[in-house]
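Student: sequence isn't available, so here's the structure alone:
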Ligand SMILES: [Zn+2]
Ligand SMILES: [Zn+2]
Ligand SMILES: [Zn+2]
């Protein structure tokens, strides 16, 4: 997490990207290049994503409150969803413009493209350097992504030089489709990760079995059931479970056993767990609710 006293490194990349997107859209129409327009769509998506990541860096320091008891993590995911949908719409626009040009290539202003590409390398390079000096995960992710974008501009630069030297205007449409495929590939990956959070899928790298293995020690904790696992912010897992504890445990012992379970779960990466203690079998009020993992100990069929 970012140091609260340190200003976010994402403000400059955000404004650079936003102004550059507008500049690029104008440049795309001026040079007649769909490759530049495709990059403009990509940069528009970047601007939105960086802007939301920047807001999140500020928002992440905000504690959960009465209205949002889980905190504000999912706001950022909603932002990612909006950015993805805008990118899909933009990509569709570029495809609609580029495909007819494959059949009927239109000449572009290659010199103008070279100028734009050089500016693109400089602006994206500066934004990438600034963001990668940051310490938060968001700042690092944005920095890495912006370095990838510098390579996109280098591709535009070489494409424009090739079109200046030889009469191959189709290269512009090919480049734009290449960028669009790249954009959609990232959007698809993002949407899949976002949807799994919204659909309460078990967080990446966590499985109910992991929780069971961590909680059950075979000595005090005989079995667990009712294991539920989800995430609010996309990274930190939350869990609820029922633990069946040996029935001769006394009150002080129960307290220690409960704290021990929390400690083992924390070691397994689950810092926020809610544990219900049951002494022996047959006490569960809702025995039908459990993930269907036949190899999991304490499955309800054993009750
Ligand atoms: Zn980008
Ligand atoms: Zn349940
Ligand atoms: Zn139970």
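Tutor: Yes, it's here. This is a predicted model, so every value here is computed, not measured. Ligands and ions are numbered 1, 2, ... in the order given.

Student: just list what the lengthiest helix in the chain packs against, helices and strands only.
Tutor: Taking DSSP state H as the assignment, the helix of the chain that covers the most residues is helix 73-103. Contacts defined by 3 or more Cβ pairs under 8 Å, 6 or more residues apart in numbering; DSSP states H and E place helix 73-103 against helix 34-59, helix 170-198. (C-beta placed from N, C-alpha, C; glycine too.)

Student: is any part of the helix or strand that it is followed by close to ligand 1?
Tutor: Taking DSSP states H and E as the definition, the helix or strand that follows helix 73-103 towards the C-terminus is helix 110-132. No - if you take Cβ under 5 Å from the ion as the test, helix 110-132 misses ligand 1, and the best it gets is 7.9 Å.

Student: centroid-wise, who is the farthest residue in this structure?
Tutor: residue 248 (46.9 Å; Cα atoms, centre = their mean).

Student: mind checking the SS state of that one?
Tutor: Under the three-state scheme (DSSP: H, G, I helix; E, B strand; the rest coil), residue 248 adopts coil.

Student: how close does it sit to ligand 3?
Tutor: Here the distance between residue 248 and ligand 3 works out to 19 Å (Cβ to the ion, to the nearest Å).

Student: just to revisit the earlier point, make a markdown table out of the helices and strands packed on helix 73-103 and add distance to ligand 2.
Tutor: Formatted as a markdown table, the helices and strands packed on helix 73-103 follow (distance: least, Cβ to the ion, whole Å):
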| stretch | distance to ligand 2 |
| --- | --- |
| helix 34-59 | 31 |
| helix 170-198 | 19 |
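
Student: returning to that earlier point: got the confidence number for the residue farthest from the centre of the chain?
Tutor: At residue 248, the predicted lDDT confidence score is 84.

Student: please identify the deepest-packed of the helices and strands packed on helix 73-103.
Tutor: Of all those, helix 34-59 carries the top mean neighbour count, a mean of 24, counting by mean count of other Cβ atoms under 10 Å.

Student: any residue of stretch 235-255 up close to ligand 2?
Tutor: No - no part of stretch 235-255 sits near ligand 2 under the criterion Cβ under 5 Å from the ion; the closest distance found is 7.2 Å.

Student: turn the helices and strands packed on helix 73-103 into JSON lines, including mean pLDDT and distance to residue 205.
Tutor: Supplementary listing: the helices and strands packed on helix 73-103 in JSON lines, determined by pLDDT from 0 to 100; distance: least, Cβ to Cβ, whole Å:
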{"stretch": "helix 34-59", "mean pLDDT": "78", "distance to residue 205": "21"}
{"stretch": "helix 170-198", "mean pLDDT": "81", "distance to residue 205": "12"}
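
Student: turn the ones you listed into TSV, columns for distance to residue 107.
Tutor: Written out in TSV, the entries for those read as follows (distance: least, Cβ to Cβ, whole Å):
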stretch	distance to residue 107
helix 34-59	12
helix 170-198	9
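
Student: list the contacts for residue 159?
Tutor: Contact partners of residue 159, counting by Cβ atoms under 8 Å, 6 or more residues apart in numbering, are 35, 113, 171-172, 175.

Student: for the residue most central in space within the chain, list the residues it contacts.
Tutor: The central residue of the chain, meaning the one whose C-alpha is nearest the mean C-alpha position (Cα atoms, centre = their mean), is residue 190 at 5.7 Å. By Cβ under 8 Å, 6+ apart, the contact list for residue 190 reads 80, 84.

Student: kindly report the same for the one 4 residues further on.
Tutor: Listed by Cβ under 8 Å, 6+ apart, the contact partners of residue 194 are 77, 80-81, 84, 234.

Student: among these, which two are most distant?
Tutor: Pairwise distances across the contacts of residue 194 peak at 13.6 Å for 84 and 234 (criterion: Cβ to Cβ).

Student: so which of these two has more stuff around it?
Tutor: residue 84 (21 against 17; other Cβ atoms under 10 Å).

Student: tell me the mean pLDDT for the longest helix of the chain?
Tutor: For helix 73-103, the mean per-residue pLDDT is 76.
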